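Colleague: need a structure here:
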Amino acid sequence: MTTTYILKNFTPLDRNTSGLDYRKELNEAQYEAATAMAGPLLIIAGAGTGKTRTLVYRVAHLIDQGVDPRSILLLTFTRRSAEEMLRRASLLIDHRCNQVAGGTFHSFANLVLRISGRHLGLLPSFTIMDRTDSEDVIQLIRAEMGLNSKEKRFPRKQTVAEIFSMSLNKQTRLSDLLELEYPHLIELNDDLAELFRRYTTYKQSKSLLEYDDLLTRLRDLLADHSEVRNRLSDTYRFIMVDEYQDTNHLQAEIVRLLAATHNDVAVVGDDAQSIYSFRGANFRNIMDFPKHFPGARIIKLEENYRSTQPILNVTNEIIQGAKEGYEKRLFTRKNVGTRPKLVQAGSEQMQSQFVCQKILELREEGVPLWDIAVLFRSSFHSFDLEIELARHKLPFVKRGGFQFMEAAHVKDLLAHLRVLANPQDAISWNRVLLLLEGVGPGASQKITKWLLEGPNAVERLRSYQAKGKIAHGLKTLAQVLEEAAHVELPSEQAQYLLQYYVPILKQNYPDDHPKRLRDMEHFQGMTERYRSLERLLSDMALEPPNDSIAGVLAVDPDEGPLILSTIHSAKGLEFHSVFIIWALEGRFPSIYVESDEDLEEERRLFYVAATRAKQNLFISYPARVFDKTLRMVLSRPSRFIEDISPRLLEPVALVPEGSYWDWET
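Modeller: Residues are numbered from 1 along each chain as shown. Prediction:
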């Protein structure tokens, strides 16, 4: 006999049935944010002030006050963060929190479109394409349009997909986006526009949606169909959004539409940590929230639980220079701590030596490597440091961007240098020859074999029997290598080879050659520290330390490696000790930053880096760096820290051991 189990209808419970003492568990500002009920709410949560804790307690409090958990919508940027918040809320009260609708904007859009997409002509069985699927469709249409020929030099399918995605996320016209972000592709505007039109038609005819379409179609559904909009708004009476400063134009519009029948929207974020405009995030969303939701209550979380007060004194000064933002000053009860250091290094190499030496000292003091981070504005800023870390056998992992040896254009240049150092290097010859027009894998192997059969491979380049473009390419290569061989310093050899290689780089990487050119300029700067080509190539050939951590760790293997990271990849993390390198005017902020908006985001990026530190903060810069492109010397510390008082940011000058200043002091 089958037994039955009755599922009871949800009935709102009496207030605060959990008996949780919210006042005792939260500070005053957190309590105010967690217990606010009706009306729009903007929670400005400074770095390390417990925003997640506040959101968790807010979910619990709403349910404790008798709110049906099914009427709460929690939107986050990762599914994991939503699940973690609801798990913690359940631990505070009970399983009722499991009924809260929590997830990402995209997962919510998928759910709604499956149910109500028929209003837009969408079948419930529509397929969501991943990025690879999108790129394959773009490639298919590209071929149909005849845009695959070499003469056209059309962007790769990956670049086209990125352009289309950014246009949707930023809600920007394709032509405007090309002008701002891809000026070297502006002449292809008409072809790209037609490709986009055909791509859109193809998706519609096949009932396909890509990741970005989920948001645009949800927005269209809410904007154009009032019955769906009002039904969803009535269902979700309490809307919460995490990391609101990272929302794009579409997401903010969706939030406003979901609140059509009420104004019970609570968003949490920090204007000072809005650093993802390159992904489409819109700084104006958090700044204009009070305008979009008149009467919004603003609560600021300013008590920091991460950093010492000396570190917060510096971070407060950094962000105080922002032209626009919500005024706040972070404070903490951790008043004891050392002043952050501003370290002036004579050169990039000295900067790298300082970082390595200080890391070794910290490790001796008991700070594990995994709790130390070196942060930088751009991936190539750590190239020289990676070499120095390898010399000191300090293991590291790098997050955001690529390791030095992984960059294809760097490998290309190194192959030319290796051929100079060792003309019998068949692998490098093969890579160099494949860069020549008309030379494929078969021809490359054949030429390499012939070159290595004689005593002088470079000289034999001129006499190889070839015709047309291949013959011209071999003679040009021979001339460049011969000229480079007649100079002694690696920096001069690299200069000869760069002049030859730059046109090849532009041809082989038409989509992003401006960025790769900056990498090349930085690489040339690195060669200036060497007097021997063999030593340079030996250092470059070192096995990446993170590939063999066990072999180089001199401490407990459980300690883990040092963290190297771009600042974008370090947001949300914290470390005992943080080094910010290349805090040099012209590098951070970059000399290529043009608009006021971009400059302001650079300041916020610096602020995010500094607020990752718990106990120690070291900011360093090389005192003199010659920029070959601009033909000027960069020598000032970043404007973001230049005027901070020495009472807050202690100046440190590096002195080589054994120098006059060393024994004098």
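
Colleague: now the helices: where do they sit in the stretch 201-350 of the chain?
Modeller: Taking DSSP state H, counting those that start in this stretch to define them, one finds helices in the stretch 201-350 of the chain at 211-224, 226-235, 249-258, 283-287, 289-292, 309-320, 348-364.

Colleague: just want the angle from the second one to helix 211-224.
Modeller: Okay, so that is helix 226-235. Calculated by axes from the mean of the first three to the mean of the last three CA atoms, to 10 degrees, helix 226-235 forms an angle of 100 degrees with helix 211-224.

Colleague: about what we covered before: let me know which of the helices of the stretch 201-350 of the chain is tucked in deepest.
Modeller: Ranked by mean neighbour count, the helices of the stretch 201-350 of the chain are led by helix 309-320 with a mean of 22 (mean count of other CB atoms under 10 Å). Bear in mind the C-beta positions are built from the backbone N, C-alpha and C, glycine included.

Colleague: any idea of the angle whichever strand in the chain runs longest forms with helix 348-364?
Modeller: In the chain, assigned by DSSP state E, the strand with the most residues is strand 613-622. For strand 613-622 against helix 348-364, the angle by the same axes, to 10 degrees is 160 degrees.

Colleague: can you tell me the centre-most residue of the chain?
Modeller: The centroid of the chain falls nearest to His568 when counting by CA atoms, centre = their mean (3.8 Å).

Colleague: what number of residues lie near the closest residue in space to Gln615 that isn't next to it in sequence?
Modeller: Spatial nearest neighbour of Gln615, chain neighbours left out: His576 (5.1 Å); criterion: CB to CB, 6 or more residues apart in numbering. For His576, the neighbour count with other CB atoms under 10 Å is 16.

Colleague: other SSEs contacting the host helix or strand of His576?
Modeller: Under the criterion of DSSP states H and E, His576 resides in strand 575-580. The contact analysis (3 or more CB pairs under 8 Å, 6 or more residues apart in numbering; DSSP states H and E) places strand 575-580 against helix 348-364, strand 372-376, helix 596-610, strand 613-622.

Colleague: give the pairing partners of that strand; include direction for each.
Modeller: strand 372-376 (parallel), strand 613-622 (parallel) (DSSP bridges).

Colleague: and that strand, how far from the chain's centre?
Modeller: Its chain's average C-alpha position is 18 Å from that of strand 575-580, according to CA atoms, centre = their mean, to the nearest Å.

Colleague: same check on stretch 447-462?
Modeller: 45 Å.

Colleague: what sits up against that stretch?
Modeller: With contacts defined as CB atoms under 8 Å, 6 or more residues apart in numbering, stretch 447-462 is touched by 419, 423-424, 426, 429-430, 433, 439, 464, 466, 474-475, 477-478, 481-482, 485.

Colleague: low-confidence regions, the protein specifically.
Modeller: Scanning the chain for pLDDT under 70 picks out 1-18, 149-152, 401-407, 538-559, 627-632, 658-665.

Colleague: go again with 50.
Modeller: Scanning the chain for pLDDT under 50 picks out the ranges 10-14, 542-557, 663-665.

Colleague: residues in contact with the residue nearest to Gln615?
Modeller: 362, 367, 371-372, 613-616.

Colleague: related to what we said a few turns ago, mind checking the helices and strands packed on strand 575-580 for the one nearest to Thr332?
Modeller: Among the helices and strands packed on strand 575-580, strand 613-622 comes nearest to Thr332, with 10.4 Å by CB to CB.

Colleague: next, the angle helix 596-610 makes with the closest one.
Modeller: Put simply, strand 613-622 runs at 120 degrees to helix 596-610, going by the same axes, to 10 degrees.

Colleague: what's strand 613-622 in contact with?
Modeller: Strand 613-622 has contacts (CB under 8 Å, 6+ apart) with 306-308, 311, 314, 337-338, 340-348, 350-351, 354-355, 358, 362, 574-584, 587, 610, 637-638, 641, 649.

Colleague: measure Gly572 to Val608 for me?
Modeller: With distances taken as CB to CB, to the nearest Å, Gly572 is found 9 Å from Val608.

Colleague: got it, and Leu20?
Modeller: Taking CB to CB, one finds Leu20 at 33 Å from Val608.

Colleague: more crowded one of these two?
Modeller: More crowded of Leu20 and Val608, by other CB under 10 Å: Val608, with 24 against 15.

Colleague: check the gap between that one and Ile619 for me.
Modeller: 14 Å.

Colleague: equivalent analysis for Ser379, please.
Modeller: For Ser379 relative to Ile619 (CB to CB), the value is 19 Å.

Colleague: and of the contacts of His576, the nearest to Glu135?
Modeller: Ile372 (38.2 Å).

Colleague: for the stretch 451-600 of the chain, just list every one of the strands.
Modeller: Counting by DSSP state E, counting those that start in this stretch, the stretch 451-600 of the chain has strands at residues 562-566, 575-580.

Colleague: so which of those comes closest to Glu657?
Modeller: Comparing these by CB to CB, strand 575-580 comes nearest, at 20.6 Å.

Colleague: run the angle between that closest one and strand 562-566 for me.
Modeller: Using the same axes, to 10 degrees: strand 575-580 against strand 562-566 is 50 degrees.

Colleague: might one say that Ala610 is in contact with Glu317?
Modeller: No. Counting by CB atoms under 8 Å, Ala610 stays clear of Glu317, with 9.7 Å between them.

Colleague: and the residue nearest to Met520 when sequence neighbours are not counted, how far from Leu517?
Modeller: Excluding the flanking residues, the one nearest Met520 by CB to CB, 6+ apart is Leu498, at 6.0 Å. Look at Leu498 and Leu517: by CB to CB, they are 9 Å apart.

Colleague: ok, Ile427 - how many residues close by?
Modeller: Count around Ile427 with other CB under 10 Å applied: 11.

Colleague: could you number the chain from 12 rather than 1 from now on?
Modeller: All right, first residue 12 from here; so that's Ile438.

Colleague: what strand or helix carries it?
Modeller: helix 437-445.

Colleague: check which residues of that helix are buried.
Modeller: For helix 437-445, a neighbour-count test (16 or more other CB atoms under 10 Å) marks 439-445 as buried.

Colleague: backbone dihedrals for Ala357, please?
Modeller: Quick fix: residue 357 reads Gly, not Ala. The phi/psi pair for Gly357 (degrees, to the nearest 10) reads phi -70, psi -30.

Colleague: wouldn't it be in contact with Val666 here?
Modeller: No. The criterion here is CB under 8 Å, and Gly357 misses it with Val666 at 9.3 Å.

Colleague: contact partners for Glu313?
Modeller: Glu313 sits next to 40, 57, 60, 339-342 when contact means CB under 8 Å, 6+ apart.

Colleague: looking at those, which one is closest to Pro521?
Modeller: When the contacts of Glu313 are compared against Pro521 (criterion: CB to CB), the nearest one is Gly57, at 43.0 Å.

Colleague: and the closest one, how many neighbours?
Modeller: Neighbours of Gly57 (other CB under 10 Å): 27.

Colleague: for the one 3 residues further on, same thing?
Modeller: The number of residues packed around Thr60, counting by other CB under 10 Å, is 25.
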